[in-house]
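Asks: predicted model and sequence follow; I will ask about them next.
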2 protein chains.
Amino acid sequence: MKLAKTYAFIKKDLSVIEDALEKTVHADQPVLHEASIQLLKAGGKRLRPVFVVLASKFGEYNLDHIKNVASSLELIHMASLVHDDVIDDSNMRRGKPTVKANWDNQVAMLTGDYIFAKALQQFTDINKPRAHQILAKTMMELTVGEIEQIKDKYNLQQNLRTYLRRIKRKTALLISSSCQLGAIVANTDKHTEKVLFRYGYYMGMSYQIIDDILDFTASEKELGKPAGSDLIQGNITLPVLYALENDYIKKDLEKAFENKHEVTPERMRPIIEQIANSDAISQARTVSDLYLRKAYDSLELLPANQAKDALARIANYIGNRKL
Amino acid sequence: MKLAKTYAFIKKDLSVIEDALEKTVHADQPVLHEASIQLLKAGGKRLRPVFVVLASKFGEYNLDHIKNVASSLELIHMASLVHDDVIDDSNMRRGKPTVKANWDNQVAMLTGDYIFAKALQQFTDINKPRAHQILAKTMMELTVGEIEQIKDKYNLQQNLRTYLRRIKRKTALLISSSCQLGAIVANTDKHTEKVLFRYGYYMGMSYQIIDDILDFTASEKELGKPAGSDLIQGNITLPVLYALENDYIKKDLEKAFENKHEVTPERMRPIIEQIANSDAISQARTVSDLYLRKAYDSLELLPANQAKDALARIANYIGNRKL
């Protein structure tokens, strides 16, 4: 099943949002324009807009407002990816060269800044201080998550708690905020807003864990970048944490990380394969499934409607996704 | 005369804002905390808070709101400096090592992102969509100004118009927005708001031109970085544009810029001295004075009060500043 099929009934609304996104990143400055458009065209699941739209279906649905919130959140996501690629020194994303690869780190930093500013501009006609507070807080947590990721690079001493806190900041909060802001802009009652926030949080956690699993189990073609890229960049994800419980893998990894300047794709390949074929994958999947279960459970507190069904289908899709 | 003397009557308010700034940049994450605090302690004129406070004196003065607007604008300024230092590869600012020098470019990028997000958070309780629009637009223009600066580096073919447009985006708009937002948050009438905006714009233009002059005429000790740093980094400022009208300087500069990787402080020193001793300095000063005159003139449209006197004194200070 394709992801888009899970929410076919909001297809038209999403294409309105896509148009808004394209109009928004338009820049008179050629480099910024080209970099932003390229980024937009590189695709992506537009998961955050989907969550905004579906969440707002539980209240007073006004596409004009929702459009701005949805595109704003997608832009923040895009901007954070651009800065992420600078930090991880990534040249490929979704099978396409990154902004930092096509230009350089400085242009990538400014393209990110520009898209952040555009995201804020999109959000300005939402006349709800609480919505602005949530957006600013989410952006701040995103940054803290990023810096924690840098700090924890190549550090094999970290534990499950560190990992979960990091992915909460890096991924889950932007998704839970998408749900929450969709609810707020549609003036749902507080209970519905809270439930949608929690659904988003659990989905975001599960989503990131599966992302971290796929980095080991999917092919280079599917990923659009070499398998095991996370580990090559020194990012210790959940599968690695479980794999470290195996003494052989632990020793190999400690040895490989002794000098991080010598961590090459060639050198890491056997370790990556070991992890991919170990129990660590199913252990990580178990944690993802726990979050997914909580996401389903939270949906039970919502009234029945098309949006609720779609949120359940998305959870199902995310849980089984191969990409 | 010291700058602080020009606005002694708001000294208490500014120390409230300083406290707010310190509280705001507090981070649980050690690197972000240290980098942000260090940046704050490195000082700076706090010109943007001063303008916010003085502008709001023309309306209903409420320090609680003004405090948030003022610290928000100073934080945006600080964040842009951090990203600026990444772009210009600067290791020193105000006589202190920069964030990128103390840590690295990645930490500097994220520290900037973090401070931007904190700036937004400070601004969220301002319940005025127009204020948010102005803030977002200003941040966007700042970024466009930065990327124009990169694009125009080492390019000797640019003209006065390119330069003025760039410093408008890079510097003047944040100062004019400080004045305008001070007015808006104090609910002044539209005319007062417009006049304050224009005063800020003219002051910002003059301020940046003088900054660009001082880069040639002040000593390394006064600047806290080597004289002529702008030119060594390839930034073509107003004094350089006028100096290029001298064929000898033009030839020397063209030769020096033939291979930008060979542009060293040693190599550039004689050219920097030539420019510092040329008519270019007084020509640039003439342009700054024109803007300063316009700033004074715009003040005439404002009612007489302590704030108006202070704005005039600041214009006078800026026009004669040696640092």
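Replies: Sure, I can see it.
Asks: how much space separates residue A:121 from residue B:238?
Replies: Separation of residue A:121 from residue B:238 (CB to CB, to the nearest Å): 30 Å. For glycine as for every other residue, the C-beta is placed from the backbone atoms N, C-alpha and C.
Asks: typo on my end, residue A:297
Replies: Taken as CB to CB, the span from residue A:297 to residue B:238 is 64 Å.
Asks: the two - which one has more neighbours?
Replies: Shown here are residue A:297 and residue B:238; by other CB atoms under 10 Å in any protein chain shown, residue B:238 has more neighbours (23 against 12).
Asks: so that one sits right up against residue B:285, yeah?
Replies: No: under the criterion of CB atoms under 8 Å, residue B:238 makes no contact with residue B:285, lying 9.3 Å away.
Asks: residues shared between the contacts of these two?
Replies: B:209, B:213 (CB atoms under 8 Å, 6 or more residues apart in numbering or on different chains).
Asks: so where's the longest helix in chain A?
Replies: With secondary structure taken from DSSP state H, chain A has its longest helix at helix A:190-217.
Asks: now that helix: buried residues?
Replies: Burial within helix A:190-217, assessed by neighbour count using 16 or more other CB atoms under 10 Å in any protein chain shown, is assigned to A:192-193, A:195-217.
Asks: just say helix, strand or coil for residue A:166.
Replies: helix (DSSP: H, G, I helix; E, B strand; the rest coil).
Asks: apart from its neighbours in sequence, what residue is nearest it?
Replies: Among residues not flanking residue A:166 along the chain, residue A:148 sits closest, at 5.0 Å (CB to CB, 6 or more residues apart in numbering or on different chains).
Asks: wait, isn't residue A:271 in contact with residue A:250?
Replies: No: Residue A:271 is beyond contact range of residue A:250, at 10.3 Å (criterion: CB under 8 Å).
Asks: and residue A:121, how many residues sit next to it?
Replies: Neighbours around residue A:121, by other CB under 10 Å: 20.
Asks: residue contacts, residue A:315?
Replies: Residue A:315 touches A:203, A:206, A:292, A:295, A:296, A:299, counting by CB under 8 Å, 6+ apart.
Asks: show me what from the stretch 151-300 of chain A comes close to chain B.
Replies: Residues of the stretch 151-300 of chain A lying close to chain B by CB under 8 Å from any CB of the partner chain are residue A:151.
Asks: where in the stretch 1-150 of chain A is pLDDT low?
Replies: Along the stretch 1-150 of chain A, segments meeting pLDDT under 70 span A:1.
Asks: again, only this time at 90
Replies: By pLDDT under 90, the low-scoring segments of the stretch 1-150 of chain A are A:1-6, A:25-31, A:35, A:38-45, A:84-104, A:125, A:127.
Asks: could you pull out the strands in it for me?
Replies: With DSSP state E, counting those that start in this stretch as the criterion, the stretch 1-150 of chain A has strands at A:92-93, A:96-97.
Asks: now render those as JSON lines, adding mean neighbour count and distance to chain B.
Replies: Shown next, in JSON lines, are these (neighbours: other CB atoms under 10 Å in any protein chain shown; distance: least, CB to the nearest CB, whole Å):
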{"stretch": "strand A:92-93", "mean neighbour count": "20", "distance to chain B": "17"}
{"stretch": "strand A:96-97", "mean neighbour count": "16", "distance to chain B": "19"}
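Asks: give me the distance between the most centrally placed residue in chain A and residue A:243.
Replies: Nearest to the mean C-alpha position of chain A, by CA atoms, centre = their mean, lies residue A:171 at 4.6 Å. Counting by CB to CB, the gap from residue A:171 to residue A:243 is 21 Å.
Asks: now swap in residue A:305 and tell me
Replies: Taking CB to CB, one finds residue A:305 at 42 Å from residue A:243.
Asks: is chain B contacted by stretch A:120-138?
Replies: Yes: Stretch A:120-138 reaches chain B (CB under 8 Å from any CB) through A:120, A:121, A:123, A:124, A:125, A:127, A:129, A:132, A:133, A:135, A:136, A:137.
Asks: surely residue A:62 touches residue A:186?
Replies: Yes: the criterion here is CB under 8 Å, and residue A:62 meets it with residue A:186 at 7.2 Å.
Asks: contacts only, for the closest residue to residue A:51 other than its chain neighbours.
Replies: Nearest residue to residue A:51 in three dimensions, chain neighbours excluded: residue A:178, at 4.1 Å (CB to CB, 6+ apart). Applying CB under 8 Å, 6+ apart to residue A:178 gives the contacts A:47, A:48, A:49, A:51, A:52, A:55, A:70, A:73, A:200.
Asks: among the residues you listed, which ones are in helices?
Replies: A:47, A:48, A:49, A:51, A:52, A:55, A:70, A:73, A:200.
Asks: so between residue A:62 and residue A:186, which is more surrounded?
Replies: residue A:186 (23 against 12).
Asks: with chain B as the reference, measure out to that one.
Replies: 18 Å (CB to the nearest CB, to the nearest Å).
Asks: hang on, isn't that residue packed against residue A:64?
Replies: No: using CB under 8 Å, residue A:186 is not in contact with residue A:64; the gap is 11.9 Å.
Asks: okay, the closest residue in space to residue A:109 that isn't next to it in sequence and residue B:99: tell me how far apart.
Replies: Leaving aside its chain neighbours, residue A:109 sits nearest to residue B:109 (5.3 Å; criterion: CB to CB, 6+ apart). The gap separating residue B:109 from residue B:99 is 9 Å, by CB to CB.
Asks: joint contacts of the two?
Replies: Common neighbours of residue B:109 and residue B:99 (CB under 8 Å, 6+ apart) do not exist.
Asks: export stretch A:148-159 as CSV, just CAs?
Replies: Extracted C-alpha coordinates of stretch A:148-159, given in CSV (Å, rounded to 0.1, in the frame of the first residue of the first chain):
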residue,chain,number,x,y,z
GLU,A,148,23.0,16.3,21.6
GLN,A,149,23.4,14.2,18.5
ILE,A,150,26.8,15.9,17.7
LYS,A,151,27.9,15.5,21.4
ASP,A,152,27.0,11.8,21.4
LYS,A,153,28.6,11.0,18.1
TYR,A,154,31.0,8.0,18.3
ASN,A,155,30.1,7.7,22.0
LEU,A,156,29.4,4.0,22.7
GLN,A,157,28.7,4.7,26.4
GLN,A,158,25.2,6.0,25.8
ASN,A,159,22.0,4.2,26.9
